[in-house]
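> Predicted model and sequence below, questions to follow.
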Amino acid sequence: MTSYSIWVMEYAHVPEQATSLFIYGAHNQGHRKMPYGYIVIKGQGRIAMVDVGYNHRAYGAVLAETYGVRNWQPPRTILGECGVSPEDVSTVFITHAHFDHMGNTEDFPNATFYIQERELSKWVWSMSLERRFRWLMLGIDPADILRTVDLARQGRLVSVDGDREGVLPGIDLRAAFDTHTWGSMYVTVRNDLTPNSADTWVFAGDLVYAHENLRGMDPNDPQYVPVGLATGSQFTLIMTAEEMVKRAGGDHTRVIPVHEERLKDLFPSRITKAGLRITELALAHGEPSLVR
Ligand SMILES: [Zn+2]
């Protein structure tokens, strides 16, 4: 029995993003649309999310302008499409600290946030380095890091060291240290709640940007190709890709990258009035479809 309804919610996008960001070494391969999104998981009497997006003001807006982000919409608008409000969200899993994933914790006043301890502590360390190391801070808003530390002061942060299984029924956190970032993690949902579920989803954060990271460029000769941005190692990204596909029962289409526009070719979806896409991955028993 399907326990959770799951949607990928686009909240903004970059119309023209260099393909070389998605795929390591893919130079001279033009541009493609890059949606920014987060995951809403509804079931077992609660609302959980994977990542929260950024807030289009202060330095978050500056970064967004730098990266060519368009059509940002606030969580109240986006979650309204699912019939929930930001106040309803009780649990958030932060895959990593880049501004477009962790920048809007303040819009979820009732949520408890999970993050890898290494992700937080190493960004604090990175912030303290001299100016010539600033490349390491690409995509990081220091104010996001401070807000997340403050969540700990408020008793709303769970700082995880490595894997944690069953953080909610059927939901596991998996560490992927020194990959896309210092302490990235991915989230698996075993949607029938069994230990070795055949109905498992893997929410990849930015360990995967595009299908090519899991399949390569040649459909007749698949290979893993890392994302084009890593503060850690390409080797660890490749090995994590293999681990994620295995946890998804060998089905690479169940490893979900929020930045992949072509999820629409695999799953039912629609465009909202705000011009953003809702992609429906799963429906719990009795839950009406949001896209049909
Ligand atoms: Zn990232």
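Yep, that arrived.

> Wait, Arg277 touches Ala12, no?
No - between Arg277 and Ala12 there is no contact under C-beta atoms under 8 Å: 11.2 Å. All C-beta atoms are positioned from the backbone trio N, CA, C, and that covers glycine.

> so what's in contact with those two at the same time?
Shared contacts of Arg277 and Ala12, defined by C-beta atoms under 8 Å, 6 or more residues apart in numbering, comprise Pro35.

> Identify the residues contacting Tyr54.
36, 60, 63-64, 72, 99-104, 141, 144.

> repeat that with 7 Å
60, 64, 99-100, 103-104 (C-beta atoms under 7 Å, 6 or more residues apart in numbering).

> okay, those in a markdown table with distance to Thr253 and secondary structure next?
A markdown table is the format used below for the contacts of Tyr54 (distance: C-beta to C-beta, whole Å; DSSP: H, G, I helix; E, B strand; the rest coil):
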| residue | distance to Thr253 | secondary structure |
| --- | --- | --- |
| Gly60 | 32 | helix |
| Ala64 | 29 | helix |
| Phe99 | 28 | helix |
| Asp100 | 23 | helix |
| Gly103 | 28 | coil |
| Asn104 | 28 | coil |
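
> Looking at the residues you listed, which is nearest Met127?
Minimum distance to Met127 across the contacts of Tyr54 is 13.6 Å, recorded for Phe99 (C-beta to C-beta).

> Tell me the pLDDT of the closest one.
Per-residue pLDDT puts Phe99 at 98.

> Could you do Met1 as well?
88.

> and it, what does it touch?
When contacts are taken as C-beta under 7 Å, 6+ apart, Met1 is in contact with 192, 285.

> Spatially nearest residue to the single nearest residue of the stretch 151-292 of the chain relative to the ion, not counting backbone neighbours?
Residue of the stretch 151-292 of the chain nearest the ion, by C-beta to the ion: Asp206 (3.4 Å). Excluding its sequence neighbours, the residue lying closest to Asp206 (C-beta to C-beta, 6 or more residues apart in numbering) is His180, at 4.6 Å.

> which SS state does that neighbour fall under?
coil (DSSP: H, G, I helix; E, B strand; the rest coil).

> how close does it get to Gln154?
27 Å (C-beta to C-beta, to the nearest Å).

> for Val8, same thing?
Distance from Val8 to Gln154, by C-beta to C-beta: 29 Å.

> do the same with Asn196
With C-beta to C-beta as the criterion, Asn196 and Gln154 are 37 Å apart.

> Find me the pLDDT at Tyr186, would you?
So Tyr186 comes in at 98 (pLDDT).

> Which one of the residues in the stretch 1-150 of the chain is closest to the ion?
His98 (3.5 Å).

> how about the nearest residue to the spatially most central residue of the chain, chain neighbours excluded?
For the chain, Gly205 is the residue whose C-alpha lies nearest the centre (C-alpha atoms, centre = their mean; 3.4 Å). In space, not counting the residues next to it along the chain, Gly205 is nearest to Thr95; the distance is 2.8 Å by C-beta to C-beta, 6+ apart.

> which element is the one you found on?
Counting by DSSP states H and E, no helix or strand carries Thr95.

> OK, contacts around the residue nearest to the centre of the chain?
Counted by C-beta under 7 Å, 6+ apart, Gly205 has contacts 95-96, 101, 180, 184-186.

> What residues does this structure have near the ion?
Proximity of the chain to the ion (C-beta under 5 Å from the ion) is limited to residues 98, 206.

> In the chain, what residue spans correspond to helices?
For the chain, applying DSSP state H gives helices covering 19-22, 58-67, 75-80, 99-102, 117-127, 142-153, 212-215, 234-247.

> for those helices, which one ends up most surrounded?
helix 99-102 (a mean of 26; mean count of other C-beta atoms under 10 Å).

> Could you name the helices and strands sitting against that helix?
For helix 99-102, the elements it packs on are helix 142-153, judged by 3 or more C-beta pairs under 7 Å, 6 or more residues apart in numbering; DSSP states H and E.

> Give me the mean pLDDT for the helix it packs on.
Here the average pLDDT along helix 142-153 is 98.

> Excluding its own residues, what touches that helix? List them.
Contacts for helix 142-153 (C-beta under 7 Å, 6+ apart): 58-59, 97, 99, 102-103, 105-106, 113, 115, 120, 123-124, 127, 157, 159.

> Quick check: the two most widely separated of the residues you listed?
Applying C-beta to C-beta across the contacts of helix 142-153, the maximum distance is between Ala58 and Ser159, 24.7 Å.
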